[in-house]
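Trainee: model this:
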Amino acid sequence: MAKNIPAMFDHRLKLIICLVVSMSTNISAHLTADYNNISITILGSAVAKGAVCLDGSPPAYYYVRGFGDGVNNWVLDMEGGGWCASDDFCATRLKNHLGSSKYMNGTHDFGQIKSQNQTENPDFYNWNRVYVAYCDSSSFMGDNIQSETGINRRGARIFNAIMEDLLAKGMANAENAILAGGSAGALGALLHCDGFSELLPNAKRVKCISDSGVFVHAVHLPGADKRANLFAKVAAYQGIPIDSLPSSCTSRMNSSLCLFPENFIRDIKTPLFLIETAFDQYQLGSHYFSNGSAWKNCTEHLELCTPSQLQIMKNYGIAVRQTLQEISDTTSVGMFVHSCLRHGHTYESSGWDSSYVLANKTIAQAVGDWFYGRDFFQEIDYDNELPLFGNCTKLTASTYDPSLYA
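Mentor: Numbers count the residues shown, from 1 in each chain. Sure, this is the predicted structure:
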């Protein structure tokens, strides 16, 4: 019997090792496949508060808990998707995710600033990470009565209801927190930035990030009146309360102009980081900088642009840089402003950890250093007067008038 004990022990040890290896392999495969694929949270309790999507369905968000030393840190990323300012246009959104949680995906892939991959997202990978779905078309700012055709305009209530729910889930104990957003969601992040900070009075750091949210008025460029009219229509239709806009701005000008960040961003007290391009593809193509019939093709395919169209882009780039330069005299605003033709960054690797480099840093590195105070970062690319392609390569000399660089 004594002779069999070592053999039995060896056999059991092998079984245990095989079991551990098998479990580790399965866990590793599960994490690789699923740890960034986050399930939706439908906030049914918000309906009673009037916090509903355009079609009256409940708002929603995607949330994964933090862990390790990130358990009390939070990053919220607010989805974008433009605006609607009429019953007819808003009605086109009632049957998709921009107007109804009924059509939102059951899961959302968390990459970049929301990624749990430490290599991709070294500074925020283990934080509580939230993606706030966008279904109000008002940059989370509207608070109007239901329209005659049954369209709800309750963006501000959606924001408040989701914040209340997250505070109850532990955000009230946040040590570090970021409110971020992309495009229309970035405009919402800017407008809600100070209010978000006030929700977390005991946090060590609260900061905001705007990704492609500086929509410029550019009063000296073509289409300025149309751009102002666009935001005036959004404010009126969505019922954006004047008292929800910065009083430092509304006391100086028409309140709808206070949706242009250039008119209020200097008055935001909470530290900000702006991720922008001097050549925003969406704004160039959709915000009335040219009414030429071939302009849309130019903004989507630089190689098709004529010299006169490239001059419009050059003028736009000058206006954007001047706008941002005017707010760069404060250490409370960090910025990464490149020259690649695109709109939005933190939804893909080329806009985060593998981005265009300024001052030897990617966007991910610049944001992380700025947030933790390791290095102040405020860089505007002045080396490229014309836009780079979306992949950040230059136009070839055969496709443009070289004098445009003069």
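
Trainee: Can you show me the helices along the protein?
Mentor: 4-34, 87-91, 155-168, 184-198, 224-238, 247-250, 281-286, 295-300, 307-325, 363-372 (DSSP state H).

Trainee: mind putting those helices in CSV, mean neighbour count, distance to residue 383 and mean pLDDT included?
Mentor: Yep, even glycine has a C-beta here, placed from its N, CA and C like the rest. Output for the helices of the chain, formatted as CSV (neighbours: other CB atoms under 10 Å; distance: least, CB to CB, whole Å; pLDDT from 0 to 100):
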stretch, mean neighbour count, distance to residue 383, mean pLDDT
helix 4-34, 10, 40, 45
helix 87-91, 16, 39, 97
helix 155-168, 21, 39, 98
helix 184-198, 23, 25, 98
helix 224-238, 18, 27, 98
helix 247-250, 16, 33, 95
helix 281-286, 19, 20, 97
helix 295-300, 17, 22, 95
helix 307-325, 18, 11, 97
helix 363-372, 21, 17, 98
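
Trainee: Among those helices, which comes closest to residue 52?
Mentor: helix 155-168 (7.5 Å; CB to CB).

Trainee: Go ahead and confirm residue 186 touches residue 215.
Mentor: No - between residue 186 and residue 215 there is no contact under CB atoms under 8 Å: 9.1 Å.

Trainee: Tell me which of the helices of the chain sits nearest to residue 275.
Mentor: Proximity to residue 275, assessed across the helices of the chain by CB to CB, is greatest for helix 363-372 (5.9 Å).

Trainee: I would like the residues contacting that closest one, please.
Mentor: 112-113, 120-124, 176, 178, 205, 207, 209, 273, 275, 334, 336, 345-346, 351-353, 355-356, 358-359, 361, 374-377, 379 (CB atoms under 8 Å, 6 or more residues apart in numbering).

Trainee: Can you flag the buried ones in those?
Mentor: With burial judged by 16 or more other CB atoms under 10 Å, the buried subset of the contacts of helix 363-372 is 112-113, 120-121, 123-124, 176, 178, 205, 207, 209, 273, 275, 334, 336, 345-346, 351-353, 355-356, 358, 361, 377, 379.

Trainee: distance between the ends of stretch 198-210?
Mentor: Using CA to CA, to the nearest Å, one end of stretch 198-210 lies 18 Å from the other.

Trainee: one step back: keep only those of the buried ones among the contacts of helix 363-372 that are in strands.
Mentor: With DSSP state E as the criterion, strands contain 176, 178, 205, 207, 209, 273, 275, 334, 336, 379 from among the buried ones among the contacts of helix 363-372.

Trainee: Quickly list what residue 210 is bridged to.
Mentor: Counting by DSSP bridges, residue 210 is bridged to residue 181, residue 274.

Trainee: Could you tell me the per-residue confidence at residue 149?
Mentor: pLDDT for residue 149: 89.

Trainee: Excluding chain neighbours, what is closest to it?
Mentor: residue 87 (4.7 Å; CB to CB, 6 or more residues apart in numbering).

Trainee: Quick check: that neighbour touching residue 144?
Mentor: No - between residue 87 and residue 144 there is no contact under CB under 8 Å: 11.6 Å.
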